[in-house]
Each structure stands twice: as C-alpha cells, then as structure tokens.
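A.B. asks: kindly return the folded structure for what I paste below:
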Amino acid sequence: MIKYYYKNLRSKQVSELDEYHPGAWVYVQQPTEEELAFLVKRFKLEPGHLEDAMDDDEMPRLEKEGDKSYIFMRYAYTTDDLELTTAPLLFIVGSDLLITVSLGEIPRMQRFLTSKVEFATTQRTKLVLQVLYQIVDEYEIFINNISRQTKVIRSRLRGHEIGNQDFVDFVMIEDELNEFLSALQPTTAILRRLLLGKHIQLYEEDQDLVEDLLLNNEQSIESCNANIKTIINIREAYSTINSNNLNRSMKVLTAFTVLITLPNVVFGMYGMNIPLPFQHEPWAYFFVLPLSLGLSWMVWIIARKRRIF
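C.D. replies: All right, here's what the predicted structure looks like:
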C-alpha cells in the first residue's frame, strides 16, 4: 500500500493525494514486490535497502546512498495476542523527498492524520524527528507498564504468594525488555550520528529535538536495564527463600528421624529372642523406656548446642 500525504504550514488538515507531488510524505505500508519495484524506479532508490526494510529482524542502522539517507529504526507495538514486540521502519530522506516503509502501521499514525500533532510534510527533517519522538514515547509507555507489572509481582514476594505463572510472566517480560534493548541501543548511536548533521540537515530547533530524543532514548534504556535487574533479583531472592525453607524442612525431618530411631533401637534390642539383662525383671519396661527417652534427650541437647537442629 502506497499513500501520499501532504500538509504545509498553512494547512489545517492533512490531504491525501492521488499521486506524488514534491513536498508530500510517501507512506508505504506492507508493500508488494510490484510496489517496491515502482518505488525504486520512480524515486531512484537503492533496492537492497528496500528489501532490508521487509526483513522482520532488520536492526536499526544509518546508511547514505548519493543524496538520500536511509534510516532504519524499530518501533514497538502490541500483537493480536497482546504480546509486545518490535518491527522495522525505514525512513528515506532526500533533498525533496520523504518516504517511510513499514511492515505494519506506524504507531500513533492517526495522531498525524487527525492533526493531533502539529506538523508539515514540507518540513521533512522535523517530520522524521516527530515520528521518531512518537516511537520513543511509545517505548517509554510500554516500559512504564512493565515496571508497574514487575512491582506488583515483587510486592507478592513479601507474602510468599508468587506462583509458577509469575515466573512464566517474568520470562516473557525479560524477553520483551531484551528485544526493546536490542532496538533502543543502536537507536542511540543513530541519534548521535544525526546530531553531526552529515546525513540530514538539522536546524537549531531540529538539534534540540534530536537531543531530547537522545535523552528519552537513554532513559528508556536505563529503565529496561533496571527492570531486568529487578526481575533477576526477584528470581534469586525467591530461589534463596526456597532453598532456606527446604534446608529448614530437612533439618526438622532429620531431627524427628533421629529422635524416633534411638528409642526403636533400644526397643528392638529387647524384642530379640536371646537372653538380655533384666528381661525377667518386672520393672524392666520402666528401665528401658526412660533409657530410650534419655538417649533421645541427650542427642537433642548436643545437637542444639552445636546448632545442628
């Protein structure tokens, strides 16, 4: 799908054009091979970069071919299964050209079409930065939601209410955060290169936008790392608690086993069909019972002093 959007500084609404005009935003979503071939021929693009944009695993990078810059980014979105993931997005910026190529709809695209974001397609560099801002802001919202979810699970750790499903959620959350990091960390390098002004022309206002984007992106990276560290700490804490509880349980069971075994040894000896001391005496039972209890008590005292039990 190829659409052409146009809006200048005087326009109040975005116009969708039937064909390309200079100053228009060429919005490409889920293009077919024929549409890709048309773009290459119509705008004299590098076909290899367009093919890379169709790769779901393409990582953020910055390339320059002739008078056109190719900026590869990744945006976050929620799938139909309510899972968080990322997808590639390609910006092609020329002296009088702006093209975006994506496998799906750009996050918050409706904000541009409904004029909730003040922009002009004739200001190509600023529009690119505005789209990047929406992408980075969407990452921040997702990461904040993950932080809240992690805090809820962490609060249940105090009451020992964490279950197996919580650890399954942790695995999914950690995968999402790692995927975010793999997209956000190269984005920082791209923004730093954009600040040099060699790939796209930046005005003073544009430089401020890039610096804000860089700051927000680095904060998102720090938040991802902090959440991953929290998840690891929770897992280690829960593992330590379980190990400690298991050790205590084993100590209690061992103590009961020893205390029960000692009387059985004495009773077993007097249960044998061989001559034994005091076996014909009427008070023998009252001797054997205190003897077995005394041995158990002695073992208990020694174990307590040595902190075995």
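
A.B. asks: packing partners for the host helix or strand of Q165?
C.D. replies: According to DSSP states H and E, Q165 maps onto helix 164-195. Contacts defined by 3 or more Cβ pairs under 8 Å, 6 or more residues apart in numbering; DSSP states H and E place helix 164-195 against strand 61-65, strand 68-78, strand 84-94, helix 124-158, helix 204-269. (C-beta placed from N, C-alpha, C; glycine too.)

A.B. asks: of those, which approaches V28 most closely?
C.D. replies: Minimum separation from V28 across the helices and strands packed on helix 164-195 (Cβ to Cβ) falls at strand 84-94, 8.6 Å.

A.B. asks: report pLDDT for the residue positioned nearest the centre of the chain.
C.D. replies: Nearest to the mean C-alpha position of the chain, counting by Cα atoms, centre = their mean, stands L177 at 1.6 Å. If you check L177, the pLDDT there is 90.

A.B. asks: over to G163?
C.D. replies: The model's pLDDT for G163 equals 68.

A.B. asks: run the chain-centre distance for stretch 75-88.
C.D. replies: Remark: stretch 75-88 is offset 12 Å from the chain centroid, using Cα atoms, centre = their mean, to the nearest Å.

A.B. asks: can you tell me the distance between the two ends of it?
C.D. replies: 7 Å (Cα to Cα, to the nearest Å).

A.B. asks: pretty sure P60 contacts T187?
C.D. replies: Yes - under the criterion of Cβ atoms under 8 Å, P60 makes contact with T187 at 5.2 Å.

A.B. asks: joint contacts of those two?
C.D. replies: Common contacts of P60 and T187 (Cβ atoms under 8 Å, 6 or more residues apart in numbering): 73-74.

A.B. asks: in terms of neighbours, single out the busier of these two.
C.D. replies: A count of neighbours by other Cβ atoms under 10 Å puts T187 above the other of P60 and T187, at 26 against 21.

A.B. asks: and K116, what helix or strand is that in?
C.D. replies: K116 belongs to no helix or strand, assigned by DSSP H and E.

A.B. asks: excluding chain neighbours, what is closest to it?
C.D. replies: Using Cβ to Cβ, 6 or more residues apart in numbering and skipping the chain neighbours, the partner closest in space to K116 is Q110 (7.8 Å).

A.B. asks: over to P88?
C.D. replies: P88 sits nearest to E58 (Cβ to Cβ, 6+ apart), 4.2 Å away.

A.B. asks: pretty sure the one you found sits against F72.
C.D. replies: Yes - the pair E58 and F72 passes the contact test of Cβ under 8 Å, sitting 5.9 Å apart.

A.B. asks: looking at these two, which is more packed in?
C.D. replies: F72 (22 against 19).

A.B. asks: can you name the residues bridging to the more buried one?
C.D. replies: R61, L90 (DSSP bridges).

A.B. asks: any regions of this structure where pLDDT drops low?
C.D. replies: 157-164, 262, 266-274, 276-281, 283-289, 291, 303, 306-309 (pLDDT under 70).

A.B. asks: break it into its domains for me.
C.D. replies: 2-242, 244-305 (automatic domain parsing).

A.B. asks: out of these, which is the most enclosed?
C.D. replies: domain 2-242 (a mean of 16; mean count of other Cβ atoms under 10 Å).

A.B. asks: endpoint to endpoint, that domain covers what distance?
C.D. replies: End-to-end for domain 2-242, by Cα to Cα: 57 Å.

A.B. asks: now for the closest residue in space to E63 that isn't next to it in sequence: which residues touch it?
C.D. replies: Nearest residue to E63, sequence neighbours excluded (Cβ to Cβ, 6+ apart): Y70, at 4.3 Å. Neighbouring residues of Y70 by Cβ under 8 Å, 6+ apart: 46, 49, 62-64, 90-92.

A.B. asks: just to revisit the earlier point, give me the angle between the helix holding Q165 and helix 204-269.
C.D. replies: Interaxial angle of helix 164-195 relative to helix 204-269 (axes from the mean of the first three to the mean of the last three Cα atoms, to 10 degrees): 150 degrees.

A.B. asks: helix 164-195 vs helix 124-158, what angle?
C.D. replies: 150 degrees.

A.B. asks: the nearest residue to D96 once chain neighbours are set aside and Y5, how far apart?
C.D. replies: The shortest distance from D96 to any non-neighbouring residue, by Cβ to Cβ, 6+ apart, is to P22 (5.2 Å). Separation of P22 from Y5 (Cβ to Cβ, to the nearest Å) stands at 13 Å.

A.B. asks: chain center to stretch 188-208, what's the gap?
C.D. replies: Counting by Cα atoms, centre = their mean, stretch 188-208 is centred 28 Å from the centre of its parent chain.
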